[in-house]
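Asks: Structure of the sequence below:
(chains A and B)
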Amino acid sequence: MSFREKSAWITLVSVLVCFGAYFVELFSGLVGDRHFGGLGSLHLLLLSVLALAGLQIALTMIAALTTPKDGRAPADEREQMIQWRSQSLGYHVLMVLAVGLFAPAFFGHRGVEMANFALLAVVIAALTVSIAQIVMFRRGA
Amino acid sequence: MSRLPIVNQIRRLRFEHGEMTQSELAGKIGMTRQTIAAIEAGKYSPSLEAAFRIAHVFGATLDEVFQWSEA
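Replies: Model (predicted):
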């Protein structure tokens, strides 16, 4: 497995773990006074971002240590093509979800709540990019 | 994934050139071993420039390395 494919897996796992926990906490109302949409959710968000950064740095260091030299070479044309295609797909997913933000707005969500829906759209787009990269790396291109 | 209509002789040419490994070929043309493996398996068609680089490594012409296959 190349370093870039490992990076895609690392992004997928770390975003799923950190922001999965964030949104589960948020939507299930398990954060006490940090109810969905409250400013208290910012504290939880900060923790999630720090956990994401820490997890990604640690896993990337492990991947760099365990990946053979050719896996750490500069991205070649096939890897660049995979990056372009996956990011294009992620962009379109983000556009659809951005338009979809009218739905919660229609049901009366405002302020921090809408910011959390926008963040969810970004997270889903990022997951889409990682999954698309993994699929294309597995298929060959 | 369906196979591409381009077949290649890279595996045979590697064998005929001192059993060159995929990593060695990749290093000579600035690609990763995984990309060479994908090209060999017919899962990825290289750019024209990369195809010429591969042919140059083997001292072969482009059509000795890559062929169009309608089948």
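Asks: what's the average pLDDT for the longest helix along chain A?
Replies: Ranked by residue count and defined by DSSP state H, the top helix of chain A is helix A:111-139. Across helix A:111-139, pLDDT averages out at 93.
Asks: for that helix, packing partners?
Replies: Where contact means 3 or more CB pairs under 8 Å, 6 or more residues apart in numbering or on different chains; DSSP states H and E, helix A:111-139 is packed against helix A:3-28, helix A:41-66, helix A:77-100, helix A:102-106. Quick note: C-beta positions are derived from backbone N, CA and C, even for glycine.
Asks: how about those helices, which one is nearest residue B:52?
Replies: helix A:77-100 (12.8 Å; CB to CB).
Asks: What residues sit buried inside stretch B:58-69?
Replies: Neighbour-count burial for stretch B:58-69, counted by 16 or more other CB atoms under 10 Å in any protein chain shown, picks out B:58, B:60, B:65, B:66.
Asks: hmm, it touching chain A?
Replies: No - Stretch B:58-69 stays clear of chain A (CB under 8 Å from any CB of the partner chain), getting no nearer than 15.4 Å.
Asks: returning to what we had before: next one: the longest helix of chain A to chain centre, how far?
Replies: When C-alpha coordinates are averaged (CA atoms, centre = their mean, to the nearest Å), helix A:111-139 and its chain have centres 5 Å apart.
Asks: and residue B:60, helix, strand or coil?
Replies: coil (DSSP: H, G, I helix; E, B strand; the rest coil).
Asks: And for residue B:48, the neighbour number?
Replies: The tally of other residues near residue B:48 (other CB atoms under 10 Å in any protein chain shown) stands at 9.
Asks: Could I get the pLDDT score of the closest residue to residue A:13 other than its chain neighbours?
Replies: Spatially, and ignoring its direct neighbours in sequence, residue A:13 is nearest to residue A:59 (7.4 Å; CB to CB, 6 or more residues apart in numbering or on different chains). At residue A:59, the model reports a pLDDT of 92.
Asks: do the same with residue A:4
Replies: pLDDT, residue A:4: 88.
Asks: what's the answer for the one 3 residues further on, then?
Replies: Note for residue A:7: predicted pLDDT of 91.
Asks: I figured it was touching residue A:61, is that so?
Replies: No - the criterion here is CB atoms under 8 Å, and residue A:7 misses it with residue A:61 at 11.8 Å.
Asks: sorry, back to before: check the helices and strands packed on helix A:111-139 for me and report the most buried one.
Replies: Most buried of these by mean neighbour count (mean count of other CB atoms under 10 Å in any protein chain shown) is helix A:3-28; its value is a mean of 18.
Asks: For chain A, what's its nearest residue on chain B.
Replies: residue B:43 (2.8 Å; CB to the nearest CB).
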